[in-house]
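Colleague: Mind folding the following:
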Amino acid sequence: MGMGSRVPVDDFSVMTGLSRDELRQYRDLGILDPWHTDAHTGYRLYDTTQVHVAHTIRGLRAGGMAIADLKSLLCADDLNWRNTHIAAQQSDVWSALGPVKPTRARVHISLRREAPMSAWAVTATVSKPDLAEWITESLQTLSKACHALGVRTAGPCAALLERELFTQQVGQVRFLMPVGDAPPPPEGINSYTLPPIDVAVVVHRGRRDGIDRSYGVLGAYVSDRLEGDEGPIREYYLDGAAAIGSGRTEICWPIFDTAAQCAVAPPSRTSSRAGGGELGSVACGC
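Modeller: I've put the predicted structure just below:
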């Protein structure tokens with residue numbers, strides 16, 4: 001099975017948008033088997049080539065397909081019939097969502113060293129289905145506070161997403177508004193310094209409906225070619241307040257030693273955002 005790299009279940013969960021429990025359920029049903037399961041500990045490893053299969057399963061379930069029908073479809077012996085029906089089902093899902101749908105295109109992945117950033121922040125434990133709404137509410141809270149105290153923002157807003165948000169569908173999220181040298185924030189808002197970190201970056205364009213595919217491309221690339229680090233995923237919302245959830249979202253996956261790994265791409269002299277050093281970029285199919 002597969003020709004990619006092996007990833008633990010938690011990383012696979014971030015790449016696919018499927019929680020640990022969902023992955024366990026699909027394993028028990030024979031729909032998505034791990035590449036390897038340790039006989040003594042039950043620890044699961046997946047292959048990065050399975051990310052696309054997981055996204056297909058997630059999309060079909062989102063479209064309302066029953067588990068029994070999904071298993072029959074994925075286990076069909078006639079590959080042409082199976083692929084035709086999967087494509088038709090996915091088309092129906094995206095038609096129901098509206099005019100925005102994922103496209104197969106070249107995806108550019110950058111390697112960057114993030115500089116420290118001073119911000120005002122709000123933090124909460126959030127369920128993944130409520131994430132977009134919570135981000136919007138947090139943005140409003142921080143925007144009102146900045147306006148009331150005459151504080152100017154110093155860059156695009158960001159969020160730190162703890163891995164539990166993906167693996168358990170509930171986790172801590174910290175929403176950040178960069179403010180530079182600002183006075184102490186009002187009650188209910190904290191000062192926070194975003195620490196320096198090396199990251200691999202991909203830009204997702206459009207609604208959050210398809211953002212798991214961008215996570216999958218980035219996570220698989222990090223696993224296959226780099227060395228991923230632990231810690232929260234960062235998202236930056238590049239097109240301002242009005243476009244959060246529909247504009248460009250920069251996804252940043254922590255990695256080890258960017259400088260040493262920049263051999264994968266020629267160096268760039270530009271930076272995609274103020275405060276971060278762009279060290280290289282690659283292009284891969286999506």
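Colleague: In this structure S19 contacts Q168, no?
Modeller: Yes: counting by Cβ atoms under 8 Å, Q168 is a contact partner of S19 at 6.1 Å. C-betas here are computed from N, CA, C, even on glycine.
Colleague: Neighbour count: these two, which is higher?
Modeller: A count of neighbours by other Cβ atoms under 10 Å puts S19 above the other of S19 and Q168, at 19 against 16.
Colleague: Could you measure from the more buried one over to A54?
Modeller: 11 Å (Cβ to Cβ, to the nearest Å).
Colleague: hey, what's in contact with both of the two?
Modeller: Common contacts of S19 and A54 (Cβ atoms under 8 Å, 6 or more residues apart in numbering): none found.
Colleague: For the stretch 151-286 of the chain, which segments are assigned as helices?
Modeller: 164-167, 211-225, 258-261 (DSSP state H, counting those that start in this stretch).
Colleague: The first one packs against which elements?
Modeller: Which is helix 164-167. Contacts defined by 3 or more Cβ pairs under 8 Å, 6 or more residues apart in numbering; DSSP states H and E place helix 164-167 against helix 9-16, strand 170-178.
Colleague: Let me know which of those is tucked in deepest.
Modeller: helix 9-16 (a mean of 24; mean count of other Cβ atoms under 10 Å).
Colleague: any idea which helix or strand comes after that helix?
Modeller: Next along the chain after helix 9-16, taking DSSP states H and E as the criterion, comes helix 20-28.
Colleague: list the buried ones in that next one?
Modeller: For helix 20-28, a neighbour-count test (16 or more other Cβ atoms under 10 Å) marks 20, 22-24, 26-27 as buried.
Colleague: what does stretch 148-164 give?
Modeller: 151, 153-164.
Colleague: Just the ones of these in strands?
Modeller: Among those, the members found in strands (DSSP state E) are 158-161.
Colleague: I'd guessed L149 sits against P184; true?
Modeller: No: contact criterion Cβ under 8 Å: L149 and P184 do not qualify, at 9.4 Å.
Colleague: re the thing from before, the helices and strands packed on helix 164-167: which one's closest to V217?
Modeller: With Cβ to Cβ, the closest approach to V217 among those belongs to helix 9-16: 8.6 Å.
Colleague: List of residues touching that closest one?
Modeller: By Cβ under 8 Å, 6+ apart, the surrounding residues in contact with helix 9-16 are 7, 18-20, 23, 34, 43-46, 48, 50-51, 54-55, 58, 163, 166-167, 212, 215-216, 219-220, 223, 228, 233.
Colleague: Just the buried ones from those?
Modeller: 7, 18-20, 23, 34, 44-46, 48, 50-51, 54-55, 58, 163, 166-167, 212, 215-216, 219-220, 223, 228, 233.
Colleague: any low-confidence regions in the stretch 1-150 of the chain?
Modeller: Along the stretch 1-150 of the chain, segments meeting pLDDT under 70 span 1-2, 81-83, 85-106.
Colleague: let's see it at 80
Modeller: In the prediction, the stretch 1-150 of the chain carries residues with pLDDT under 80 at positions 1-3, 63, 71-107.
Colleague: Show me where it has its strands.
Modeller: Counting by DSSP state E, counting those that start in this stretch, the stretch 1-150 of the chain has strands at residues 6-8, 36-37, 44-47, 106-114, 117-127.
Colleague: Could you name the helices and strands sitting against the second one?
Modeller: Yep, that's strand 36-37 we're talking about. Checked by 3+ Cβ pairs under 8 Å, 6+ apart, strand 36-37 has strand 44-47 packed alongside it.
Colleague: No further queries at this time; thank you.
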